[in-house]
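Visitor: After the sequence you'll find the predicted model.
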2 protein chains.
Amino acid sequence: MRMRSIRNLETQGHLLTSQRRLLLSLISNSGEHMDARELYQRALSNGASISMATVYRCLHLFKELGLVDEIWLGQTRCFYEIKQPAQHQHLVCRGCGKVIEFESPLISKLTNKLQREKGFNVTNAKLHFEGYCQQCQDKAN
Amino acid sequence: MRMRSIRNLETQGHLLTSQRRLLLSLISNSGEHMDARELYQRALSNGASISMATVYRCLHLFKELGLVDEIWLGQTRCFYEIKQPAQHQHLVCRGCGKVIEFESPLISKLTNKLQREKGFNVTNAKLHFEGYCQQCQDKAN
DNA sequence: TTAAGTGCAAAGGCTTTGCAGCATA
DNA sequence: TATGCTGCAAAGCCTTTGCACTTAA
């Protein structure tokens, strides 16, 4: 069965080019979060014919179609990941840069509370924690 | 009594220039969150002699000294605010761009849980909600 | 076949930096 | 007076865009 994201592309009048197919598969198969440059470089090392312009254009399209999520972590880096049905949040280690994902029911509690108390309709919640992972703490001692 | 941030500057061997004083007061007195460009323009309209280079250099210094917090909201904009003792989070309206601040004890609960269960030592927590505020929802109906 | 997508190169923003002159303490 | 700071202008990145060529369906 084909990826949901590929079906979405096709059913919305967009072409499924080799570049788009590769980018989607890189984003969904890699465990790590990649920014535009990293995606470009991985695509190149897969032997693809692709340019940064195409990477950016595809990422915009994917975002628009709701196929990927754009995540801003800390400083200036923007990462992409295939949109997940379950909300999950990010924990970034300031020591080694590792990104740990986690889920928490507290987020939806908070979302509901904001809706109730402030009338604010939350469409998107990002929780971003920074700190030091166990290993980096051990290393420091 | 002088601002805490000004004392911090002085006690750490940094000069208190007119540009730094003005930037700190703009950041702490404005209710809104401003990015580098907005700060620069407000400083200019206050009649200051200042350049973008100085704005960036000062913001880096303030951040390093822990005087201001840098907040990444959504796309590409980075805002600054005077560091607050109490943690507060941001709610951004996708309709009008308004930024609402709120606090929640759930954050520290979650922080403690991550420490306990994953050994992750959280130094910084940012919660970023997007959605539509009451007025924008009303307008849409 | 043809609308849509791509690559290239140039342009646009934002941010950083080298250097000479200026200002705080 | 002596560091440290500032402004200017240039350079560095990342991202976007115009245009001619290519490709999926």
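Guide: That came in fine, so what should we check first?

Visitor: three-state assignment of the spatially most central residue of chain A?
Guide: Closest to where the C-alpha atoms of chain A average out (Cα atoms, centre = their mean) is A:Glu81, at 2.6 Å. Here A:Glu81 is recorded as strand under DSSP: H, G, I helix; E, B strand; the rest coil.

Visitor: what residues are up against it?
Guide: A:27, A:33, A:68-69, A:71 (Cβ atoms under 8 Å, 6 or more residues apart in numbering or on different chains). Backbone N, C-alpha and C define where each C-beta goes, glycine included.

Visitor: Sitting in strands, which of those do you find?
Guide: Mapping the contacts of A:Glu81 onto strands (DSSP state E) picks out A:68-69, A:71.

Visitor: Export these to TSV and append columns for neighbour count and distance to DNA strand D.
Guide: Formatted as TSV, those follow (neighbours: other Cβ atoms under 10 Å in any protein chain shown; distance: Cβ to the nearest atom of the strand, whole Å):
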residue	neighbour count	distance to DNA strand D
A:Val68	22	14
A:Asp69	18	15
A:Ile71	17	12
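
Visitor: How about the residues of chain A by DNA strand C?
Guide: A:13-15, A:17, A:19-20, A:48-51, A:53-54, A:57-58, A:61 (Cβ under 7 Å from any atom of the strand).

Visitor: are any of those residues buried, and which?
Guide: Buried by 16 or more other Cβ atoms under 10 Å in any protein chain shown: A:19-20, A:48, A:50, A:54, A:58, A:61, out of the residues of chain A next to DNA strand C.

Visitor: what's the helix or strand for the residue of chain A found nearest DNA strand C?
Guide: The nearest approach of chain A to DNA strand C comes at A:Thr54, 3.0 Å away (Cβ to the nearest atom of the strand). According to DSSP states H and E, A:Thr54 maps onto helix A:52-64.

Visitor: What is that helix packed up against?
Guide: Counting contacts by 3 or more Cβ pairs under 8 Å, 6 or more residues apart in numbering or on different chains; DSSP states H and E, helix A:52-64 is packed against helix A:18-29, helix A:36-45, strand A:68-73.

Visitor: I'd like the average pLDDT over the shortest one.
Guide: Averaged over strand A:68-73, pLDDT sits at 76.

Visitor: Spatially nearest residue to A:Leu15 (excluding sequence neighbours)?
Guide: A:Leu9 (7.9 Å; Cβ to Cβ, 6 or more residues apart in numbering or on different chains).

Visitor: Helix, strand or coil: sort out the one you found for me.
Guide: helix.

Visitor: Past the longest strand along chain A, which element shows up next along the chain?
Guide: Longest strand of chain A, by residue count under DSSP E: strand A:121-132. Where DSSP H and E defines the elements, the next helix or strand beyond strand A:121-132 is helix A:134-140.

Visitor: quick one: average confidence on that next one?
Guide: Across helix A:134-140, the per-residue pLDDT values average to 79.

Visitor: I would like the residues contacting that helix, please.
Guide: So helix A:134-140 is contacted by A:93-96, A:132, B:118-121 (Cβ under 8 Å, 6+ apart).

Visitor: buried sites along it?
Guide: For helix A:134-140, by 16+ other Cβ under 10 Å, it's A:Cys136.

Visitor: Off-centre distance for it?
Guide: Distance, stretch centre to chain centre, for helix A:134-140: 27 Å (Cα atoms, centre = their mean, to the nearest Å).

Visitor: With distance to chain B added, can I get the helices and strands packed on helix A:52-64 in a markdown table?
Guide: Below are the helices and strands packed on helix A:52-64 laid out as a markdown table (distance: least, Cβ to the nearest Cβ, whole Å):
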| stretch | distance to chain B |
| --- | --- |
| helix A:18-29 | 19 |
| helix A:36-45 | 13 |
| strand A:68-73 | 5 |
